[in-house]
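Asker: Generate a structure from the sequence data that follows.
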Amino acid sequence: MRYLAVLMLALAIPARPATPTFLFDSTPTDRAVFPVLEKYVQSSDFVSDRDIYADPNLHQKIDASHQFELTKSLAEIEQEALRPCGQNSPAALWFHTLASAPEVAEIAAALRAIHSGCHQAAILPSAQFWGYTELCNYNLAKSPYQQVDWTQVDRIIVQGEGLLNPACRTGIADYQKFLSSIIGYVRSRNPKIAIYAHASLRFTPPSLIIQGIETLSDLVDGFLSARR
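Answerer: The predicted structure follows:
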């Protein structure tokens with residue numbers, strides 16, 4: 001029900017000149033969110049495959065290009081890259097790296113695999129990739145993000161949600177500063193890249209997520225709204 005509250009509040013935010021895009025993932029699937037998604041999701045939004053498959057109404061409303069799956073296996077990405085592009089294919093293939101892996105090398109391998117096909121390349125590095133050490137604390141100076149070839153990345157989700165917690169005294173301002181540093185560098189390499197911020201109920205109560213979305217909407221292209 002907490003995720004349902006976030007959806008209702010987030011989707012009720014008054015439209016801005018450039019309304020942010022949302023990526024919705026209710027994994028583990030929560031059927032209570034489906035009526036809200038069915039009513040409010042926009043054509044520019046994305047919904048996870050798991051939610052799409054669990055709700056026939058969403059399946060009818062969201063076309064394949066706006067469905068996504070966060071793949072954690074290079075072998076699966078290589079297999080997905082062989083899929084033809086078209087009406088029944090996602091616009092982008094998402095690779096979700098884990099902190100236990102050599103992330104820069106895995107990202108490079110995933111990008112090569114994706115670009116061997118016809119899809120856009122999208123990545124979701126771990127929070128540790130961005131220098132996360134503990135709640136409220138990221139050390140971006142220790143992040144290897146400047147080693148990534150951003151000209152090869154079409155979409156990225158930044159996991160800075162560890163700053164959106166009531167224990168973080170200046171969390172939203174810190175998240176804004178953190179994202180500004182990343183976006184400034186990444187867009188200097190690839191001005192066309194789409195950048196999304198992550199908001200997770202593991203760290204953040206619904207009211208603070210909404211504050212974060214309202215504050216950061218002018219900075220990023222959208223948000224991954226997830227229960228994880």
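
Asker: When you work out contacts or count neighbours from here on, use the C-alpha atoms and nothing else.
Answerer: Noted.

Asker: where in this structure is pLDDT low?
Answerer: 1-18, 27-29, 227-228 (pLDDT under 70).

Asker: tell me what the lengthiest strand in it is packed against?
Answerer: Taking DSSP state E as the assignment, the strand of the chain that covers the most residues is strand 194-200. The elements that strand 194-200 packs onto, with contact taken as 3 or more CA pairs under 8 Å, 6 or more residues apart in numbering; DSSP states H and E, are strand 155-158, strand 222-226.

Asker: Buried residues in whatever helix or strand comes next after that strand, which are they?
Answerer: Where DSSP states H and E defines the elements, the next helix or strand beyond strand 194-200 is helix 206-216. Residues 206, 208-210, 212-213, 216 are the ones in helix 206-216 that count as buried (16 or more other CA atoms under 10 Å).

Asker: A226 - how many residues pack around it?
Answerer: Neighbour count for A226, taken as other CA atoms under 10 Å: 20.

Asker: Show me what it is bridged to.
Answerer: Taking DSSP bridges as the rule, A226 bridges to D25, S200.

Asker: Correct me if wrong: it contacts D30.
Answerer: No - using CA atoms under 8 Å, A226 is not in contact with D30, being 11.1 Å away.

Asker: Contacts only, for V220.
Answerer: Counting by CA atoms under 8 Å, 6 or more residues apart in numbering, V220 touches 20, 194-197.

Asker: Relative to I52, how far out is V153?
Answerer: When distance is defined by CA to CA, to the nearest Å, V153 is 25 Å away from I52.

Asker: in the protein, which spans are helices?
Answerer: Along the chain, counting by DSSP state H, helices occupy 2-11, 34-40, 49-54, 56-61, 74-80, 103-115, 171-189, 206-216.

Asker: that older thread, let me have the helices and strands packed on strand 194-200 in TSV, extended by distance to Y175.
Answerer: Formatted as TSV, the helices and strands packed on strand 194-200 follow (distance: least, CA to CA, whole Å):
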stretch	distance to Y175
strand 155-158	10
strand 222-226	13
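
Asker: Figure out which of the ones you listed is closest to S26.
Answerer: Between S26 and the helices and strands packed on strand 194-200, the shortest separation by CA to CA is 5.7 Å, and it involves strand 222-226.

Asker: Now tabulate the helices of the chain in CSV and tack on distance to A127.
Answerer: Output for those, formatted as CSV (distance: least, CA to CA, whole Å):
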stretch, distance to A127
helix 2-11, 21
helix 34-40, 27
helix 49-54, 23
helix 56-61, 30
helix 74-80, 19
helix 103-115, 11
helix 171-189, 12
helix 206-216, 17
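
Asker: Of the ones you listed, which is nearest Y138?
Answerer: The nearest among those, by CA to CA, is helix 171-189 at 8.3 Å.
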